[in-house]
Structure formats: C-alpha cells, structure tokens
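Enquirer: This is the structure alone, sequence omitted:
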C-alpha cells in the first residue's frame, strides 16, 4: 500500500484523545469531505480497545500484534499494513519495543 | 485568550513525535501559509525540553508549572494561557495529575 506522509486540507482538533493513561494518544482530524479519522500512537503495552463503529487501523510506523474478538490467533501488522475491526466489537493489541503509529479510519 | 477548538485547512503529519518514552506526544501540522506548529500532550511527569527556535506554548487543556532556564521561580499555566521560551534555551515543565494539552507555535 502506498502511503503519503501527511493529510492535507484537514481540520485537526487541538485537544488530544488520551487512552489507557497515555499508552495511546491520538488527535482527531476531519477531512474536507467531512470524513473523520484519527492519527495516533500506541506505546509499548498490551491493550484492549472496544469499537463502536467499524474501524480500519492503518500502520504508519512500528508494528503490532493484534487479536480480534473471538479469535485465538495473533496477527502481525507493520507500516503500510491495515487491519479491520467490526463495529461493537473489540481487539487486543500488543506493541513491543517500538511505538506503533497509526491512522484510524472509521467505516 | 479566545481559542478555537481546532485548526482548519492544515496538513497533519501522520507519524507522531514521541519524546521521553511517550511522556510527550505531538503531531506536526503545517498551516496553509506554511507556518509549522505542533499539537501535543504531556502526561504527568517533570521534563526538561531544549529549544532550537523560540517557542510559544499555548495551553489547550489541563495545566502545568514551568521554570525557564536561568530562572528560579516556577509559574503556573492553564488552558488559554501561553508562555514563551527563547531559542537555544530550555525549560522545565511539571505536569501533575492531569494531562497538559498544548499547541506549540514556533516563532
């Protein structure tokens, strides 16, 4: 997947979203067409996120291991790779040595 | 100082800046006129930041105590308040219970 390094022509909310005592920090952005996304980073940790709407997590830098709700297998994802999470669900994510940078797309 | 909650029509770099093992996380933005800023958050900690160019730190949420290089006094800053740091200098910043959200303006 080819990625650009930045989003252009967007609005960015000044106040960050801080989850899990700061193990995950993101900033919300709104594209010109009204689409909402977030750009964020997960520090080394193992966390469980709940979803409302479906999400696509797109890796920007670093890597992670992910286990979707109801699955037993962990899968690895790095920069340029994405994984999809259903709505009203959850996923476990493990980030090891290096921070995992991502863009979260809300479907 | 009146603040808007977001920047509009900007570019945002997808990869975050992670400092001090994640105690400070920011995302770089570029305004339409080319001005660079960052939107970030500092988690509870006491940190020392070095400056290259002069910076104005504008509080968005939470609060902090700051001691500029060469000063003995700590000063308190909250949301809507700013402090200025000279270039090629440093400042100590202490964030207590609650995350300090900021916009950093490079002068």
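Expert: That came through, no problem. Note that the structure is predicted; figures quoted are calculated from it, not measured. Residues are numbered from 1 along each chain as shown, chains lettered A, B, ... in the order given.

Enquirer: For chain A, give me the ranges with low pLDDT.
Expert: Across chain A, the ranges flagged by pLDDT under 70 are A:1-2.

Enquirer: where does it come near chain B, residue by residue?
Expert: With CB under 8 Å from any CB of the partner chain as the criterion, chain A comes near chain B at residues A:3-16, A:18, A:21-23, A:25, A:27, A:29-30, A:39-41, A:43, A:60-61, A:99, A:101, A:103. Bear in mind the C-beta positions are built from the backbone N, C-alpha and C, glycine included.

Enquirer: Could you rerun that using 6 Å?
Expert: A:6-16, A:18, A:22, A:25, A:27, A:29, A:39, A:41, A:43, A:60-61, A:99, A:101, A:103 (CB under 6 Å from any CB of the partner chain).

Enquirer: So which of those residues are in strands?
Expert: Using DSSP state E, the subset of these located in strands is A:6-13, A:18, A:25, A:27, A:29, A:39, A:41, A:60-61, A:101, A:103.

Enquirer: which of the residues you listed count as buried?
Expert: A:6-7, A:10-13, A:18, A:25, A:27, A:29, A:39, A:41, A:60-61, A:101, A:103 (16 or more other CB atoms under 10 Å in any protein chain shown).

Enquirer: Among those, which pair sits farthest apart?
Expert: A:11 and A:61 (23.3 Å; CB to CB).

Enquirer: From what I see, residue A:50 and residue A:90 are in contact.
Expert: Yes. Here residue A:50 lies in contact with residue A:90, judged by CB atoms under 6 Å, at a distance of 4.7 Å.

Enquirer: Compare neighbour counts for these two and give me the winner.
Expert: Neighbour count, other CB atoms under 10 Å in any protein chain shown: between residue A:50 and residue A:90, residue A:90 has more, with 14 against 10.
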